[in-house]
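A.B. asks: 3D, please:
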Amino acid sequence: MAASEAPPLTAWQQAAKAYFYVTVWMSISMSVILFNKYILAYSGFKYPIALTMWHMVFCTTVSAVLVRGTGTTKRLHMPRKEYVNRVVPIGALYAASLWLSNSAYLHLSVSFIQMTKALMPGLVYACGVAFGMEKLTRVTTLNMVIIAVGVAIAAYGEIDFVWIGVIEQLSALLFEAMRLMLVQVLITKQGYGMNPIQSLYYVSPACAACLALPFAFVELPEIMNDYGLVIDYPMLVLNALTAFALNLAVFLLIGKTSALTMNIAGVIKDWMLIFASQHLFGNTVSFLNYVGYVIAFLSVGMYNFNKLRAAKKADRQREREKQQEGGKAAAAGESAA
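C.D. replies: I've put the predicted structure just below:
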C-alpha cells in the first residue's frame, strides 16, 4: 500500500511558511550589510578588498569541503576552457561589484546606499536589452526613468553626499547587473543550472583570484605599514559565516517562494535598513531623501507588479497552447480510428 500523501497546506499555512523564509532572508541580509558597515567604518579595519577577498576565500573553502569532502552536492562536468570563458568573467564582475560596494561603506551612509539600490532593476533591464535577453518597451523604460528621477531627488537631498562613494556604489550596481546577465546566459543558453553551493564552489575561486592582484598592490602595503591595526579574527570569521549563510538564504527564499517575493521583501528590507542605520550609526535622513525614496520604491513596486502580470499572462498563454495541442491530438486520434 502506497504511503498517503501529505495534505495540501492551507492558505494560512502557506502564508506563514512564506513569511518565515522572508524573515530568515531579511534578517541575514540586514545583518551582513550592517556588519560590513561596522567593520569597515567603525572597527578600524578599513580595507574593503581584504574583507571581500576573505569572504571569497571562506566561501571557496566551505563549498569545497561540502562538494569534495562530504558529497552534499555534486560537481558539474565543466571543461576548463568553458570555465575560463564563462565562469571567470562572472567571478571578475562579482569581485568588482563586492569590492566597490564594500568601499562605498567608507564614504556613504547605509540609508543612502540602500536607496541607490532602487536603480538595480533599471540597470538589469538595460543590460538585458544590450544582451538581447529583454525587449525594449515604452512602459518599462518610463518606469526606469521614474526610478532614476526618485534616486536623483534623494541624492540631491543627501546630507553626507561624497562623490567617490557615489561613483563606487553606482559602478558596483552596474557590475552586479552585468554579472546577473552573464549568470542568466550561463544557465539558459549554456545549460549550467547551479544551486548556491555549486555556484560558490565555481565562482568564489575566480572571484578571489581576481581580487588578489589589487589586494597585493593597493591594500597589502597599507596593511603592512598600519602598525596600529588590531585584527579581530573571531569577528571576521563570524562576518564571513554570515555572508555565506546569506547565499544559502537567497536560494532557500527563491526556492520556497519566488524571485518576485524576494524583490518585494527587498523593498521592505531597504526601508528597515534606513531606519536601523539612523538609530545604530546616527545617519541623518532629510525630507528630500524620503521623497526620493518614496518615488523610487513605488516605481520599483510598479515594475514588480508589471513583471508579475506579464508572467501570469505568459502562463495563461502556455496553458491555452497546451489545451489546443491536446485537442488537436484527440481529434487526430478520432479521425484515425
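
A.B. asks: Run a quick neighbour tally on R138.
C.D. replies: Using other CB atoms under 10 Å, R138 has 7 neighbouring residues. Every C-beta, even on glycine, is put in place using the N, C-alpha and C of the backbone.

A.B. asks: what does the helix or strand containing T60 rub up against?
C.D. replies: Per DSSP states H and E: T60 is located in helix 48-64. Here helix 48-64 makes contact (CB atoms under 8 Å, 6 or more residues apart in numbering) with 36, 39-40, 45, 95, 98-99, 102-103, 105-106, 197-198, 200-201, 204-205, 207-208, 211-212, 214-215, 218-219, 223, 236-237, 239-241, 243-244, 247.

A.B. asks: same check, this time on stretch 220-232
C.D. replies: 43-45, 47, 50.

A.B. asks: For that stretch, buried residues please.
C.D. replies: For stretch 220-232, the buried set under the neighbour-count rule, 16 or more other CB atoms under 10 Å, is empty.

A.B. asks: quick one: terminal-to-terminal distance for it?
C.D. replies: In stretch 220-232, first residue to last residue: 17 Å (CA to CA, to the nearest Å).

A.B. asks: how far does it sit from the chain's center?
C.D. replies: Remark: stretch 220-232 is offset 31 Å from the chain centroid, using CA atoms, centre = their mean, to the nearest Å.

A.B. asks: can you check stretch 131-145 too?
C.D. replies: With CA atoms, centre = their mean, you get 20 Å for stretch 131-145.

A.B. asks: Could you do stretch 270-281 as well?
C.D. replies: 19 Å.

A.B. asks: Around K37, how many other residues sit close by?
C.D. replies: By other CB under 10 Å, neighbour count at K37 equals 24.

A.B. asks: ah, wrong one, I meant R309
C.D. replies: 10.

A.B. asks: what's the closest of the contacts of stretch 220-232 to G292?
C.D. replies: Closest approach between the contacts of stretch 220-232 and G292, by CB to CB: S43, at 30.2 Å.

A.B. asks: ok, now how distant is the closest one from T284?
C.D. replies: 22 Å (CB to CB, to the nearest Å).

A.B. asks: now the helices for this structure?
C.D. replies: 11-41, 48-64, 80-82, 88-104, 110-116, 120-130, 138-156, 163-188, 196-214, 220-225, 233-256, 259-281, 287-336 (DSSP state H).

A.B. asks: Quick check: which of those helices is buried the most?
C.D. replies: helix 110-116 (a mean of 25; mean count of other CB atoms under 10 Å).

A.B. asks: CA atoms of that one as PDB?
C.D. replies: Coordinates of each C-alpha in helix 110-116 appear next as PDB, following Å, rounded to 0.1, in the frame of the first residue of the first chain:
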ATOM      1  CA  VAL A 110      23.800  52.800   4.900                       C
ATOM      2  CA  SER A 111      20.500  54.500   4.200                       C
ATOM      3  CA  PHE A 112      21.700  56.300   1.100                       C
ATOM      4  CA  ILE A 113      23.400  53.100  -0.200                       C
ATOM      5  CA  GLN A 114      20.100  51.200   0.100                       C
ATOM      6  CA  MET A 115      18.300  54.000  -1.800                       C
ATOM      7  CA  THR A 116      20.700  53.700  -4.700                       C
END
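
A.B. asks: Mind giving me the packing neighbours of it?
C.D. replies: Here helix 110-116 touches helix 11-41, helix 138-156, helix 163-188, helix 259-281, helix 287-336, going by 3 or more CB pairs under 8 Å, 6 or more residues apart in numbering; DSSP states H and E.

A.B. asks: How about residues contacting that helix?
C.D. replies: With contact meaning CB under 8 Å, 6+ apart, helix 110-116 is reached by 33-34, 37, 101, 104-105, 151, 154-155, 158, 160-161, 166, 169-170, 173, 270, 273-274, 276-278, 281, 283, 285, 289, 292-293, 296.

A.B. asks: What residue, apart from its backbone neighbours, is nearest V267 spatially?
C.D. replies: Counting by CB to CB, 6 or more residues apart in numbering, V267 lies nearest to F297, which is 5.4 Å off, once chain neighbours are set aside.

A.B. asks: actually A41, not the one I wrote
C.D. replies: Closest residue to A41 apart from its sequence neighbours, by CB to CB, 6+ apart: Y105 at 5.6 Å.

A.B. asks: Check R86 too.
C.D. replies: L186 (5.4 Å).

A.B. asks: Isn't that neighbour up against V87?
C.D. replies: Yes - taking CB atoms under 8 Å as the definition, L186 is a contact partner of V87 at 7.5 Å.

A.B. asks: residues contacting D270?
C.D. replies: When contacts are counted by CB under 8 Å, 6+ apart, D270 is found next to 114-115, 117-118, 297.

A.B. asks: Need those residues in a markdown table (columns: distance to N143).
C.D. replies: Below are those laid out as a markdown table (distance: CB to CB, whole Å):
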| residue | distance to N143 |
| --- | --- |
| Q114 | 20 |
| M115 | 17 |
| K117 | 16 |
| A118 | 11 |
| F297 | 12 |
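
A.B. asks: Turn those into CSV, columns for pLDDT and distance to C59.
C.D. replies: Below are the contacts of D270 laid out as CSV (pLDDT from 0 to 100; distance: CB to CB, whole Å):
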residue, pLDDT, distance to C59
Q114, 83, 23
M115, 83, 28
K117, 83, 22
A118, 82, 27
F297, 80, 30
